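Q: Mind folding the following:
(2 chains)
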Amino acid sequence: MTTTAEEPTTLPHSRARQVLGWVGLAGRLYLGYTFITAGIDKLPHHDTTELAVRAYQLLPWQWVSAYATALPIAELLLGILLVLGILTRSVAVLLALGLCSFLVGITSAWARGLNIDCGCFGGGGATTDPHYLEHVLRDVGYLAIAVYLVVVRRTALALGDWLFGRGD
Amino acid sequence: MSEEWYVVVLCVVSLLVILVGAWFVRHELRTRAAPPPPALLWVSYLGVVAVVVLGAARTSWVVLR
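A: Next up, the predicted model:
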C-alpha cells in the first residue's frame, strides 16, 4: 500500500535526477575539454602567455611570470579532473572563481579602453580589434556551466563516485 | 560606462557573490544528508571571500588610479 502510493512521486523524481546527472556529464565534458584545450594552447608558449597577462596591467609586475606559469598547469589539471569527474563540485567552484577573474580582467580592460586580445586560448597582447563582448558572453556561458555543476551535486559517470562514493 | 561606475558595479557584484556564497554554505549544511565538516566548508568559503575581496580591491585600485 505504501509502495504503490510512493511510486508515482519517487519514479519521476529519480528520473529527473538522472536526466540532470546526464546534463551534468555533458557540461563536465564540455567545460573540461575547454579548459584542457586552453591549458595545452598556453603551456608551451610561456612568453606569449606572460605577454598576454601583462597586457591586462592588473597584476603586480613581479607576479606575472609565476601566474603565467601556473595558469596553464591549473587549467590543464582542473580540466582533466572535470572530465574524469573527480572532486567535481570543488573543481567547479575553482573554475567559477577563475572564470570570474577572467571576466573581471576582460571587463576592466574594456572599461579602461585598452585594446588587447584576451589570450584565453593562447596569443594575447595588443590588438586593433578586441572582441570584449564576445569573450564576456562566452565566459558567462562557461560560468553558468560551472555553477550548474556545483548546484546539481551529482553527475553521471563520475569517477569520484566510484573512488570516494561521492562526486564532491 | 565610466571607470567609476565600473568599480561600483564590480563592488556590488562582489558583495552579491559573497552573500550568495554564505547562503550556499548554510544551505549545504542544512540540506545534505552527509555534509562535509562545517569547519572545512566555512574555511573554504573564507578562502573564496579573500580571493573575491582582494581581486575586487586590486582591480578597483588599478581602474581608478
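
Q: Enumerate every residue touching B:V17.
A: Contacts were defined as Cβ atoms under 8 Å, 6 or more residues apart in numbering or on different chains; by that measure B:V17 touches A:100, B:52. Every residue, glycine included, has its C-beta placed from N, CA and C.

Q: Where does it fall, secondary structure wise?
A: For B:V17, the element it lies in under DSSP states H and E is helix B:3-31.

Q: Report the next helix or strand after that helix in sequence order.
A: Following helix B:3-31 in sequence, per DSSP H and E, is helix B:38-64.

Q: Show me what that following helix is packed up against.
A: helix A:88-111, helix B:3-31 (3 or more Cβ pairs under 8 Å, 6 or more residues apart in numbering or on different chains; DSSP states H and E).

Q: and the helix holding B:V17, average pLDDT?
A: Here helix B:3-31 scores 95 as its mean pLDDT.

Q: and if you look at stretch A:152-164?
A: Stretch A:152-164 shows a mean pLDDT of 89.

Q: what comes up buried for it?
A: If you call a residue buried by 16 or more other Cβ atoms under 10 Å in any protein chain shown, then stretch A:152-164 has these buried ones: A:152-156, A:158, A:160-161.

Q: Quick check, the residue in chain B closest to chain A?
A: Residue nearest to chain A within chain B: B:Y6 (3.9 Å; Cβ to the nearest Cβ).

Q: residues in contact with that residue?
A: By Cβ under 8 Å, 6+ apart, the contact list for B:Y6 reads A:107-108, A:111, B:63.

Q: Now A:G24: closest residue in space, sequence neighbours ignored.
A: A:T155 (3.2 Å; Cβ to Cβ, 6 or more residues apart in numbering or on different chains).

Q: ok, which residues in chain A are in contact with chain B?
A: Applying Cβ under 8 Å from any Cβ of the partner chain, we find that chain A lies next to chain B at A:57-59, A:93, A:97, A:100-101, A:104, A:107-108, A:111-112, A:150, A:166, A:168.

Q: Point out the other helices and strands that the lengthiest helix in chain A packs with.
A: Longest helix in chain A by number of residues (criterion: DSSP state H): helix A:2-42. Packed against helix A:2-42 by the contact rule (3+ Cβ pairs under 8 Å, 6+ apart) you find helix A:64-84, helix A:88-111, helix A:132-152.

Q: The same query, at a cut-off of 6 Å, please.
A: helix A:64-84, helix A:132-152 (3 or more Cβ pairs under 6 Å, 6 or more residues apart in numbering or on different chains; DSSP states H and E).

Q: Now do residue 62, the pLDDT please.
A: Reading this off chain A. 94.

Q: wait, I meant chain B there
A: 96.

Q: ok, for it, nearest residue in space, not its chain neighbours?
A: In this structure, B:V62 finds its nearest non-sequential neighbour in A:L58, 5.5 Å apart by Cβ to Cβ, 6+ apart.

Q: again with A:L77
A: Closest to A:L77 by Cβ to Cβ, 6+ apart is A:G39, at 7.8 Å.

Q: hang on, the one you found packs against A:E75?
A: Yes. Counting by Cβ atoms under 6 Å, A:E75 is a contact partner of A:G39 at 3.5 Å.

Q: Can you get me a residue count around the one residue in chain A that gets nearest to chain B?
A: Closest residue of chain A to chain B, Cβ to the nearest Cβ: A:A111 (3.9 Å). When neighbours are counted by other Cβ atoms under 10 Å in any protein chain shown, A:A111 registers 20.
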